[in-house]
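Participant: 3D, please:
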Amino acid sequence: MHHKVFVSQTTHFMHIAIAGNIGSGKTTLTRMLSKHYGWEPHYEDVDENPYLDDFYNEMQRWSFNLQIYFLNSRFKQVVDFRRSDKDVIQDRTIYEDAYIFAPNLHAMGLLPTRDFQNYISLFELLESFVQPPDLLIYLRGSIPTLVDQIHKRGRAYESNIRIDYLSRLNERYEAWISQYKNGNLLIIDVDKNKFGENPEHLGDIINSIDGQINGLF
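Facilitator: Residues are numbered from 1 along each chain as shown. Below is the predicted model:
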């Protein structure tokens, strides 16, 4: 009996995370990989988010509230992952709000400096309590690809997203990924890899993931 308890405490369950700009296909790939591997999927709670509609209508007023909501929900997610006894795959990471979205809002004048500093201070504190994902998958896409995929899914609150907003986010994503040192990283070019509609392309991703996982354990 004691032996079983010991084994369960030392077993490492995998945390895979998918990062990428709006429209890059994170949710689709999360769903497909969870089905293939039997990983438990965790999605962004877009439908439950009480700030998104207000934010897109009045960004400056609601930016801090939105960022705190995301930080809270993602921190809780990661804590829950490490307590669970399941392999999980996560749609978007705790890092993206802090390294991409919040700094972008601040640079655009939509997140006041004192709020931004307050937010970053809280993020850094929370980050010190969580482990990074075992594997981060980054979906890299050009603006035309992102715009096309955003239009295809037709979410009402995304209909007013501007090209320059997506471009700024893309630049920050690339800067963050180029400096990413928290763990294993797999980059997928979604301009070329159409995993959502091409099973062979999905197979290429699965082969790459298998190689990464075999290297991990």
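
Participant: Next, the residue nearest to Ser142 when sequence neighbours are not counted: secondary structure please.
Facilitator: With sequence-adjacent residues excluded and distances taken as C-beta to C-beta, 6 or more residues apart in numbering, Ser142 is closest to Asp191, at 5.2 Å. Placement of C-beta: from N, CA and C, glycine included. With DSSP: H, G, I helix; E, B strand; the rest coil as the basis, Asp191 sits in coil.

Participant: Can you verify my assumption that Asp191 contacts Ile143?
Facilitator: No. Applying C-beta atoms under 8 Å, one finds Asp191 not in contact with Ile143, separated by 10.2 Å.

Participant: Just give me the neighbour total for the residue nearest to Ser142.
Facilitator: Using other C-beta atoms under 10 Å, the number of residues around Asp191 comes to 11.

Participant: from now on call the first residue 881
Facilitator: Done: numbering now begins at 881, and the last item shifts to Asp1071.

Participant: who's in contact with it?
Facilitator: Each residue near Asp1071 by C-beta atoms under 8 Å, 6 or more residues apart in numbering is listed here: Arg1020, Gly1021, Ser1022, Thr1025.

Participant: Selection in ChimeraX covering whichever of those residues are buried, please.
Facilitator: Buried members of the contacts of Asp1071 can be picked out in ChimeraX with the line below, counting by 16 or more other C-beta atoms under 10 Å:
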select :1020,1021,1025
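
Participant: In strands, which of the contacts of Asp1071 appear?
Facilitator: Those of the contacts of Asp1071 mapping onto strands are Arg1020, per DSSP state E.

Participant: nearest to Leu1066, of the contacts of Asp1071?
Facilitator: Leu1066 has its nearest neighbour among the contacts of Asp1071 in Arg1020, at 10.8 Å by C-beta to C-beta.

Participant: For that closest one, give me its contacts.
Facilitator: Gly900, Ser904, Tyr1053, Glu1054, Ile1057, Ile1067, Ile1068, Asp1069, Val1070, Asp1071.

Participant: quick one: which of those residues sit in helices?
Facilitator: Tyr1053, Glu1054, Ile1057 (DSSP state H).
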